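>>> structure for this input, please:
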Amino acid sequence: LLVSVICSPPQNYPLYIRSVPTENELKFHYTVHTSLDVVDEKISAMGKALVDQRELYLGLLYPTEDYKVYGYVTNSKVKFVMVVDSSNTALRDNEIRSMFRKLHNSYTDIMCNPFYNPGDRIHSRAFDNMVNSMMMQVC
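Numbers count the residues shown, from 1 in each chain. You can find the predicted model right below:
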């Protein structure tokens with residue numbers, strides 16, 4: 001499982017990346033980077049409907065042979081990308097959606113911190129603990 005938080009456009013650089021196990025981390029970075037194009041396509045295809053419905057969950061972006069890539073975008077265009085092993089059939093769409101909601105809530109808590117500068121990499125023990133507990137449930 002990989003969890004990534006990506007800055008809003010035009011930079012699109014990672015604010016936070018965590019993967020378990022860590023040996024395929026470079027491959028995950030590539031997968032997340034290529035998924036950003038799919039996220040942008042889905043956002044532009046939904047257009048005003050996305051804003052009207054407040055539906056932030058983008059669903060399955062694309063499946064590969066080994067992984068499934070899911071996406072979520074906030075109102076401020078911050079993107080969350082989750083890469084899950086394709087062999088994990090226990091995860092349903094609503095569970096992925098609730099994991100993204102937890103990530104978004106934790107990200108909102110970080111943004112409310114007066115000592116955090118928006119756009120900086122995320123270095124938060126509380127956010128790390130939440131992501132780790134989420135990963136332990138999945139793995």
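>>> which elements pack onto the longest helix seen in the chain?
Ranked by residue count, the top helix of the chain under DSSP state H comes out as helix 25-46. Under the contact criterion of 3 or more CB pairs under 8 Å, 6 or more residues apart in numbering; DSSP states H and E, helix 25-46 touches strand 2-6, strand 14-19, strand 57-63, strand 67-73, strand 79-85. Placement of C-beta: from N, CA and C, glycine included.
>>> other residues contacting that helix?
For helix 25-46, the surrounding residues in contact (CB atoms under 8 Å, 6 or more residues apart in numbering) are 2, 4, 6, 9, 12, 14, 17, 19, 50, 55, 58, 61-62, 64, 67, 69, 71, 73, 77, 79, 81, 83.
>>> one more time with 10 Å
Applying CB atoms under 10 Å, 6 or more residues apart in numbering, the contact partners of helix 25-46 are 1-4, 6, 9, 12-14, 17-19, 22, 24, 50, 52-53, 55, 58-62, 64, 66-67, 69-73, 77, 79-83.
>>> what's the host helix or strand of residue 127 packed up against?
Assigned by DSSP states H and E, residue 127 belongs to helix 125-138. Under the contact criterion of 3 or more CB pairs under 10 Å, 6 or more residues apart in numbering; DSSP states H and E, helix 125-138 touches strand 2-6, strand 14-19, strand 79-85, helix 93-111.
>>> that older thread, buried residues in the longest helix of the chain?
28, 31-32, 35-36, 38-39, 43 (16 or more other CB atoms under 10 Å).
>>> tell me which of the residues you listed is nearest to residue 128?
Nearest to residue 128 among the buried residues of helix 25-46 is residue 28, at 17.1 Å by CB to CB.
>>> rebuild the helices and strands packed on helix 25-46 as JSON lines, extending it with mean neighbour count and distance to residue 121.
Shown next, in JSON lines, are those (neighbours: other CB atoms under 10 Å; distance: least, CB to CB, whole Å):
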{"stretch": "strand 2-6", "mean neighbour count": "24", "distance to residue 121": "9"}
{"stretch": "strand 14-19", "mean neighbour count": "19", "distance to residue 121": "6"}
{"stretch": "strand 57-63", "mean neighbour count": "16", "distance to residue 121": "23"}
{"stretch": "strand 67-73", "mean neighbour count": "22", "distance to residue 121": "19"}
{"stretch": "strand 79-85", "mean neighbour count": "22", "distance to residue 121": "15"}
